[in-house]
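Student: next comes the sequence, and after it the predicted model I'd like to discuss.
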Amino acid sequence: MEGLRLVAKGAEADLWLDSDWNGVRVLIKRRGLKEYRLPELDAEIRRSRTAREASVIHRAKEAGVPTPLIYQVDLEAATIVMEYVEGERVREMVDVLGDDERRELFRLIGRTAGRMHGAGIIHGDLTTSNMIRSRGRVVFIDFGLGEVSWEVESRGVDLNLMYRMLTSTHYGHTAELFKVFREGYEEGLGPEAGEALTRMEEIGRRGRYLERE
């Protein structure tokens, strides 16, 4: 892709930076061909996953969850052109913030996650690598594994991933950060939060049981 800079290469899609797309800076997410699949099946999978991701992002934004703006979707090329969000990735910020600022940030993340689940959106990869602090907001990015679901199990899986990420990536702050994340989540989702958090704990116990087998 001429004139673009590859910024991330994933198993399913590549991310390119275009500094001057119609006068704005954008990221272009493109799902590439998979030669191990039948061509017709591959085209349909890439088309449907691109459509689903764009739809999930739009739905999340309508619910008040900060997400990148989508400028263009090309289903045949399996490409989404979206806003380049200026800011800092939360993963890189955790260890350099002061205690109060760190706790307030994770309360905001929890509140945003609760609002997202309340709108029936499951992120699918709810980690600090997919969150950018920008202009006082936390912008959720990369909804490639996202889906629409109201199931408690799906919410619990999202939350369990968040907790596991904290224990592995931000282990020095796990207890304090999940405590305030949980409080924010309860604020954002309301009465349904308790059931989702309980399910998260059940999923965690299942995982530990399977690891021992």
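Tutor: Right, received. Where do you want to start?

Student: next, give phi and psi for residue 136.
Tutor: With angles defined as degrees, to the nearest 10, residue 136 sits at phi 80, psi 0.

Student: what about the strands in the chain?
Tutor: Here the chain has its strands, by DSSP state E, at 5-9, 13-21, 24-31, 70-74, 79-83, 88-89, 121-122, 131-134, 137-140, 147-148.

Student: check what pLDDT the nearest residue to residue 47 once chain neighbours are set aside gets.
Tutor: Closest residue to residue 47 apart from its sequence neighbours, by Cβ to Cβ, 6 or more residues apart in numbering: residue 75 at 4.8 Å. Every residue, glycine included, has its C-beta placed from N, CA and C. You'll see residue 75 listed with a pLDDT of 97.

Student: let's number from 46 now, not from 1
Tutor: In the new numbering, first residue 46, that becomes residue 120.

Student: tell me the contacts of residue 120?
Tutor: The neighbours of residue 120, taking Cβ atoms under 8 Å, 6 or more residues apart in numbering as the test, are 92, 95-96.

Student: which single one of these is nearest to residue 137?
Tutor: Residue 137 has its nearest neighbour among these in residue 95, at 28.4 Å by Cβ to Cβ.

Student: longest helix anywhere in this structure?
Tutor: helix 84-107 (DSSP state H).

Student: counting by contacts, list what that one packs against.
Tutor: Packed against helix 84-107 by the contact rule (3 or more Cβ pairs under 8 Å, 6 or more residues apart in numbering; DSSP states H and E) you find strand 69-76, strand 115-119, strand 124-128, strand 166-167, strand 192-193.

Student: tell me which of the ones you listed lies nearest to residue 246.
Tutor: Checking those against residue 246 by Cβ to Cβ gives strand 166-167 as the closest, at 17.8 Å.

Student: can you give the strand pairings for that closest one, parallel or anti for each?
Tutor: strand 192-193 (antiparallel) (DSSP bridges).
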